[in-house]
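> Structure of the sequence below:
(one chain, ligands or ions: 1)
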Amino acid sequence: MDTRVMDHEHGYGLASRFFHWSMFLLLLWQITSAVLHYALDDTAITDFFFGFHFSNGVLILVLAVLRGAWGLLNLSRRPSHAGALNRLAALGHVAMYLLLIAVPVVAIIRAYGSTRPFSALGIDIFASRANEIAWMTDLGGAWHGFLGWTLFALIAGHIAMAFMHTYAWKEPLIARMTKGDELG
Ligand code: HEM
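Next up is the predicted model:
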């Protein structure tokens, strides 16, 4: 296993791998809670998983901002994305970063505009308000779920492409994010 902290030409360093796999686990929870909310509302299992949806979502937002900053800091060191397909992949990665930020932000704006108090990660973030701010609740109502499902679809494509590269085209790209070095 490669133990360099910063990213390099043949793989991702320890910090990027920590961000990638911790967010993988948090997003697995988030998609489980969203699917249950959509398909099995008002059940004990949904209450359990969706009970952490807000805190988990806020944690994903914090990690996405830190991960984005770390990515920019490492941009010139990372494996190159030259060539048409690689550039498309880079565009997909940017879209995922933007959605990882937009999806929770839109939900937090909705929470701010609603009459209910909002807390996450054990911290009281907004108190209740007397009157709803309609544009804020409408924004979240219109976009949060839609953008959330779009993000999950992009993630599914991202996983499928990582497997295609590695097993169909024999480019050991998954190793960049597991062992940290595609050369072995
Ligand atoms: C990256 C983080 C997040 C993702 C990927 C995500 C994804 C989703 C998805 C896909 C749904 C739709 C479920 C359905 O159709 O029934 C949903 C619902 C919901 N989410 Fe999130 N969410 C995130 C963060 C948050 C945060 C931070 C909050 C609170 C501020 C929140 C509050 C809600 C609420 C109240 C609903 C139910 C109403 C609705 O469907 O819009 N979410 N979420």
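> Pull up the gap between residue 125 and residue 60, please.
15 Å (Cβ to Cβ, to the nearest Å). Placement of C-beta: from N, CA and C, glycine included.
> What of residue 129?
25 Å.
> out of these two, which sits in the busier spot?
More neighbours surround residue 60 than the other of residue 129 and residue 60, with 22 against 13 (other Cβ atoms under 10 Å).
> Go ahead and list the helix or strand containing that one.
helix 53-74 (DSSP states H and E).
> pLDDT (mean, whole number) over that helix?
Mean per-residue pLDDT for helix 53-74: 98.
> Name the residues of that helix that come out as buried.
Residues of helix 53-74 classed as buried: 53-54, 56-61, 63-64, 67-68, 70-71, 74 (neighbour count, 16 or more other Cβ atoms under 10 Å).
> Show me what from the chain comes close to the ligand.
30, 34, 37-38, 53-54, 57-58, 60, 100, 103-104, 107-108, 111, 144-145, 148-149, 151 (Cβ under 6 Å from any ligand atom).
> among the residues you listed, which ones are buried?
Buried subset of those (neighbour count, 16+ other Cβ under 10 Å): 30, 34, 37, 53-54, 57-58, 60, 100, 103-104, 107-108, 111, 144-145, 148, 151.
> where does the residue of the chain positioned farthest from its centre land in three-state SS?
For the chain, the largest distance from the centre (Cα atoms, centre = their mean) belongs to residue 130, which lies 32.9 Å off. State at residue 130, reduced to three classes by DSSP: H, G, I helix; E, B strand; the rest coil: coil.
> Check the residue nearest the centre of the chain and give its pLDDT.
Geometric centre of the chain, nearest residue: residue 100, 4.3 Å, by Cα atoms, centre = their mean. Listed pLDDT for residue 100 reads 98.
> Now do the same contact list for the residue nearest to it when sequence neighbours are not counted.
For residue 100, ignoring the flanking residues on the chain, the nearest one in space by Cβ to Cβ, 6 or more residues apart in numbering is residue 64 at 3.8 Å. Neighbouring residues of residue 64 by Cβ atoms under 8 Å, 6 or more residues apart in numbering: 23, 97, 100-101.
> Quick check: the two most widely separated of those?
23 and 101 (12.2 Å; Cβ to Cβ).
> in this protein, which spans are strands?
Secondary structure of the chain (DSSP state E): strands at 118-120, 123-126.
> elements contacting the longest one?
Looking back up the chat, that one is strand 123-126. Strand 123-126 is packed against helix 84-113, strand 118-120, with contacts defined by 3 or more Cβ pairs under 8 Å, 6 or more residues apart in numbering; DSSP states H and E.
> That strand pairs with which strands?
Paired neighbours of strand 123-126 in the sheet (DSSP bridges): strand 118-120 (antiparallel).
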